[in-house]
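Participant: would you be able to build a 3D model of this:
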Amino acid sequence: IGKIPRGGGFPEILYDLEVVGLIARTVEDVLLLYHDLAGPHPQDRKSFIHGLQVRPQVRKPRPKRIRLHMSFNGSPVDTEIIDSVKEAAIRLEEIKCRVDESQPSFSPEEMAGLLSVIFATGLAKLVETKVVVREDVGESLWPLLSEGRQVSGAKYLDVLDRTWELRNQAAEVFGRYDFI
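Facilitator: Okay, here's the model as predicted:
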């Protein structure tokens with residue numbers, strides 16, 4: 001949080017539960033972009049926590065730790081996909097990666113419910129604060145906008161609390177694994 005400042009960009013909807021994510025053609029491109037974007041910004045107080053970024057030293061890579069989910073809470077997965085993933089896991093183990101199979105610690109249905117409230121309230125906020133003009137919202141999103149305007153403060157805070165719990169669980173998992 002704060003390494004890539006939010007000042008002057010798209011408004012925060014989830015406060016410090018969201019971050020700027022980088023996508024690029026290669027990992028090296030992401031690293032270059034990250035170092036160009038990271039650093040303090042006068043409109044984002046959280047960005048001052050980390051100070052100026054220094055390019056990391058290259059170190060010898062260690063074997064990766066991978067947590068493998070073959071299904072999500074019993075939802076069916078095509079056998080061809082399962083076979084392909086199992087084959088990939090075997091190859092990863094051959095190059096000394098540790099692969100552990102497990103069930104996810106979250107429910108896709110719960111995530112969908114949380115995201116539904118977040119998207120609805122986020123859209124309502126963007127329209128209410130005039131970041132987005134109501135007339136520019138597609139007709140298919142009008143029910144979502146209406147739903148977002150009706151979410152109570154208590155409900156929104158419950159969603160933020162649960163999102164915070166899930167974030168902490170994810171941090172714990174990524175303490176033990178490099179990839180999921």
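Participant: return the helix or strand in the chain with minimum mean pLDDT.
Facilitator: Lowest mean confidence among the helices and strands of the chain (mean pLDDT, DSSP states H and E): helix 27-37, at a mean of 77.
Participant: so which bits of that one are buried?
Facilitator: Within helix 27-37, the residues scored as buried using 16 or more other C-beta atoms under 10 Å are Y34. In short, each C-beta sits where N, CA and C put it, glycine included.
Participant: farthest from the middle of this protein: give me that residue.
Facilitator: Here the chain reaches farthest from its C-alpha mean at E94, the gap being 29.9 Å by C-alpha atoms, centre = their mean.
Participant: list of residues touching the helix or strand that S116 is a member of?
Facilitator: Counting by DSSP states H and E, the element that carries S116 is helix 108-128. Residues outside helix 108-128 that contact it (C-beta atoms under 8 Å, 6 or more residues apart in numbering) are 11, 13-14, 72-73, 75, 131-134, 137, 141, 144-145, 147-149, 151, 155-156, 159, 162-163, 166.
Participant: cutoff 10 Å now
Facilitator: 10-14, 17-18, 72-73, 75, 104, 106-107, 131-137, 141-151, 153, 155-156, 158-160, 162-163, 166 (C-beta atoms under 10 Å, 6 or more residues apart in numbering).
Participant: inside helices: which ones of these?
Facilitator: Those of those mapping onto helices are 142-150, 153, 155-156, 158-160, 162-163, 166, per DSSP state H.
Participant: PyMOL command for the buried members of those?
Facilitator: The following PyMOL line selects those of these that are buried, judged by 16+ other C-beta under 10 Å:
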select buried, resi 144+145+147+148+159+160+163+166
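Participant: could you point out which element follows the least confident helix or strand of the chain?
Facilitator: Next element after helix 27-37 (DSSP H and E): strand 65-68.
Participant: can you give me the buried ones in the following helix or strand past that following strand?
Facilitator: Per DSSP H and E, the first helix or strand lying C-terminal to strand 65-68 is helix 79-94. For helix 79-94, burial by neighbour count (16+ other C-beta under 10 Å) applies to A89, L92.
Participant: contacts for the helix or strand following helix 79-94?
Facilitator: For helix 79-94, the following helix or strand on the C-terminal side (DSSP H and E) is strand 98-101. Here strand 98-101 makes contact (C-beta under 10 Å, 6+ apart) with 63-70, 85-86, 88-93, 176-179.
Participant: tell me the average confidence for the helix holding S116?
Facilitator: Taken as a whole, helix 108-128 has a mean pLDDT of 91.
Participant: which pLDDT does the model give the residue farthest from the centre of the chain?
Facilitator: 90.
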